[in-house]
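S.K.: sequence? don't have it. structure:
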């Protein structure tokens, strides 16, 4: 597919999607069938989960869950999953379950409002009175359990909890409506934890691109959650942001959310998770990420204005907003970044007539457009030549801001990544001997100084979903973890299963 066709197809897809919003379906579907729980003790756990509710601090200790944390315990074997390439499961002893806790309105911050899902495994272990009792173990922490026959693997289903969570989201339709109307996604925007927050594991933040959502990371997320070594070292986070707003405005809000989250989860700044983070970003998400790994200095400001902020005629509030958009410093907590199909220097296809038409439908939030337009109107004599026309065209929407004619995107692309941050690029090649993924030219998505670069053949702009690209990201994550001499997070010792472990439901087959 040629470049013009690639962008036209994506734009046409958005137009078509607007007419078919009622038909948009979630790419991941989970069907719940009846599954009898053979052990009566598990039914008692289910009753406790339904009758009592406690918070995580009281419910979780040393990889063991109190069932009262969850609202439901759902047998994994009763969940039929469609829309993911692999089902990551571990055969062994115990009964794999999905622990589901409702989170209406996002009452528990930084956790998905669609619900909190966790992999748990029910096992019968020795109790202090000499008998046995059922316990809920976290299989990401406990991989083995002691039985009368010796240590055995603990059964687990790592895909089912994530698949259930994804199936409950509205992102499939929001990708379109939230691009056009900021209000559709405003309250859902932010950074959200897919895993339980762990101060000693590395946050792996995934940042989606234009007309997209965290659904775009479903295969990579599933494969990270299903990899025992990566589980021990990383915790998955997803960014959600309104893609219809310009990248520098979205980036400013993104940085604010990033900082606020760190202050909330780690007020004293002592956690490894606050000082060691990895970001994987696709398309426009890479532009947001660039503002976390580079210093703007005055270069973005100078691309727009011929005078410093103090010399402009504008209210302090409006100038503060402009500074927030155009000035930033790299965040030292980001230790590695992966840029996938990122238009660092824009895309000439942003000027495609169909793309321009779709971009004109986007309604920008007044908090972004207002300060921008007022500062430009009040300072016509202090605008650079390339910025003069902005006085008449107004703030460009998300797609239009990606034009190679935009006076800021080339400046952002030229900012060097902090030398202490290794970074990688992954590109798609839509046609043999081509130099584009169908939307972004390779000359735009390449960055000088990359630690590695992979070009995936016969892959378009959605190259981040290609198995070869996912394998490359997993390789980079393993390499990164192996390079950390001070990273220690071993699997915990086997849990004593006591007598009667043979009464547990037996082995689970892995479909992955």
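M.R.: Good, I have the coordinates. These numbers were taken from a predicted model, which means no experiment stands behind them.

S.K.: Test my guess that residue 450 contacts residue 427.
M.R.: No: if you go by CB atoms under 8 Å, residue 450 and residue 427 don't touch, sitting 10.5 Å apart. Backbone N, C-alpha and C define where each C-beta goes, glycine included.

S.K.: who has more neighbours, the two?
M.R.: residue 427 (25 against 17; other CB atoms under 10 Å).

S.K.: which SS class is the more buried one?
M.R.: Look at residue 427: counting by DSSP: H, G, I helix; E, B strand; the rest coil, its state is strand.

S.K.: Just give the closest residue to it, not the sequence neighbours.
M.R.: Spatial nearest neighbour of residue 427, excluding adjacent residues (CB to CB, 6 or more residues apart in numbering): residue 455 at 4.9 Å.

S.K.: Might one say that that neighbour is in contact with residue 430?
M.R.: No: between residue 455 and residue 430 there is no contact under CB under 8 Å: 11.0 Å.

S.K.: So which of the two has more stuff around it?
M.R.: Using other CB under 10 Å as the criterion, residue 455 and residue 430 rank with residue 430 on top: 21 against 17.

S.K.: got a pLDDT number for the residue nearest to the more buried one when sequence neighbours are not counted?
M.R.: Among residues not flanking residue 430 along the chain, residue 438 sits closest, at 3.8 Å (CB to CB, 6+ apart). Note on residue 438: pLDDT of 91.

S.K.: Around residue 438, how many other residues sit close by?
M.R.: 27.

S.K.: Contact partners for residue 100?
M.R.: Residue 100 makes contact with 70, 71, 72, 73, 74, 115, 116, 117, 164, according to CB atoms under 8 Å, 6 or more residues apart in numbering.

S.K.: And residue 225, how far from residue 466?
M.R.: Using CB to CB, to the nearest Å, residue 225 is found at 19 Å from residue 466.

S.K.: in stretch 54-68, what's buried?
M.R.: Neighbour counts over stretch 54-68 (16 or more other CB atoms under 10 Å) mark 56, 59, 60, 64, 65, 66, 67, 68 as buried.

S.K.: Filter those down to the ones in strands?
M.R.: Among the buried residues of stretch 54-68, DSSP state E puts 60, 64, 65 in strands.

S.K.: what about the helices in the stretch 151-300 of the chain?
M.R.: Ranges of helices in the stretch 151-300 of the chain, per DSSP state H, counting those that start in this stretch, are 159-167, 171-180, 218-225, 228-233, 247-265, 272-275, 284-293, 299-304.

S.K.: nearest to residue 383, of those?
M.R.: When those are ranked by proximity to residue 383, the top entry is helix 299-304, at 7.0 Å, counting by CB to CB.

S.K.: Contacts for the closest one next, please.
M.R.: 248, 308-309, 326-327, 383-384, 386-387, 407-408, 411-412, 414-415.

S.K.: tell me the mean pLDDT over the helix or strand following it?
M.R.: The C-terminal neighbour of helix 299-304 among helices and strands, as given by DSSP states H and E, is helix 316-326. Mean pLDDT, helix 316-326: 94.

S.K.: just the angle between the helix or strand just after helix 316-326 and helix 218-225, please?
M.R.: Counting by DSSP H and E, the next helix or strand C-terminal to helix 316-326 is strand 334-340. Taking axes from the mean of the first three to the mean of the last three CA atoms, to 10 degrees, strand 334-340 and helix 218-225 form an angle of 140 degrees between their directions.

S.K.: what about strand 334-340, distance to the chain center?
M.R.: 13 Å (CA atoms, centre = their mean, to the nearest Å).

S.K.: What helices and strands are in contact with it?
M.R.: The contact analysis (3 or more CB pairs under 8 Å, 6 or more residues apart in numbering; DSSP states H and E) places strand 334-340 against strand 277-282, helix 284-293, strand 423-429, helix 467-482.

S.K.: pLDDT weak spots in the stretch 101-250 of the chain?
M.R.: With pLDDT under 70 as the threshold, the stretch 101-250 of the chain has low-confidence stretches at 172-186.

S.K.: Which parts of it are strands?
M.R.: Listed in chain order, the strands found in the stretch 101-250 of the chain under DSSP state E, counting those that start in this stretch are 116-126, 132-137, 144-147, 150-153, 156-157, 190-193, 202-207, 234-240.

S.K.: okay, the ones you listed, which one's buried deepest?
M.R.: Of all the strands of the stretch 101-250 of the chain, strand 156-157 has the most neighbours on average by mean count of other CB atoms under 10 Å, namely a mean of 30.

S.K.: Show me what that strand packs onto, helices and strands only.
M.R.: Identification of packing neighbours for strand 156-157 by 3+ CB pairs under 8 Å, 6+ apart yields strand 89-90, strand 95-101, strand 116-126.

S.K.: Can you pull the phi/psi pair for residue 430?
M.R.: Main-chain torsions, residue 430, degrees, to the nearest 10: phi -70, psi -30.

S.K.: Verify the contact between it and residue 457 for me.
M.R.: No: the pair residue 430 / residue 457 is not scored as a contact, 9.5 Å apart, by CB under 8 Å.

S.K.: How many residues are close by residue 31?
M.R.: Per other CB under 10 Å, the neighbour tally for residue 31 reads 10.
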